[in-house]
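Asker: Here's a sequence, model it:
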Amino acid sequence: MGFVMAGLAAVLVVVAVVWLLSLKKSASLDRDEAVRSQAAAAEAARRAEEEAKLYREGESLHCLGCGAEFPGPLSDEGCPKCHIASLVVTEAQFRADQQQRQGLT
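Answerer: Prediction:
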């Protein structure tokens, strides 16, 4: 009977250790997911802010398609020359991208 009780106690300890390790892994995964979620939310907010700049009055805009520069806000038609709205960025963003490309080359 002593061996049975010792065996049950050993099994209980092993099960408890496995459960605690599982709990630790789960908490770690939840923490990592929260960090990824916060990063995604911050990126979405940054993109929304950049897009809002396209519709500000007097903001200088640049079309990446045809190279046209024009004052904001961006109309429903998009660029006044090529009429593509998805290629329009702010002049400040265009200059920052150019500087970054020049720094890489």
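Asker: make it CA atoms for all contacts and neighbour counts henceforth
Answerer: Noted.
Asker: ok, which stretches of this structure are helices?
Answerer: 2-53, 91-104 (DSSP state H).
Asker: Next, the angle helix 91-104 makes with the longest one.
Answerer: An angle of 120 degrees separates the directions of helix 2-53 and helix 91-104 when computed by axes from the mean of the first three to the mean of the last three Cα atoms, to 10 degrees.
Asker: how much distance is there from helix 2-53 to the middle of the chain?
Answerer: Distance of helix 2-53 from its chain centroid, counting by Cα atoms, centre = their mean, to the nearest Å, is 21 Å.
Asker: counting contacts, what elements does it pack onto?
Answerer: Taking 3 or more Cα pairs under 8 Å, 6 or more residues apart in numbering; DSSP states H and E as contact, there are no helices or strands that helix 2-53 lies on.
Asker: Average pLDDT for that helix, rounded please.
Answerer: Average pLDDT, helix 2-53: 94.
Asker: Find the residue at the geometric middle of this protein.
Answerer: Ala40 (3.4 Å; Cα atoms, centre = their mean).
Asker: For it, give its distance to Asp32.
Answerer: 12 Å (Cα to Cα, to the nearest Å).
Asker: follow-up on the earlier one: now for the helices of the chain, which one comes closest to Ala68?
Answerer: Taking Cα to Cα, helix 91-104 is the member of the helices of the chain nearest to Ala68, at 10.5 Å.
Asker: And the contacts of the closest one?
Answerer: 60-62, 69 (Cα atoms under 8 Å, 6 or more residues apart in numbering).
Asker: Now, those residues that are in strands?
Answerer: 60-62, 69 (DSSP state E).
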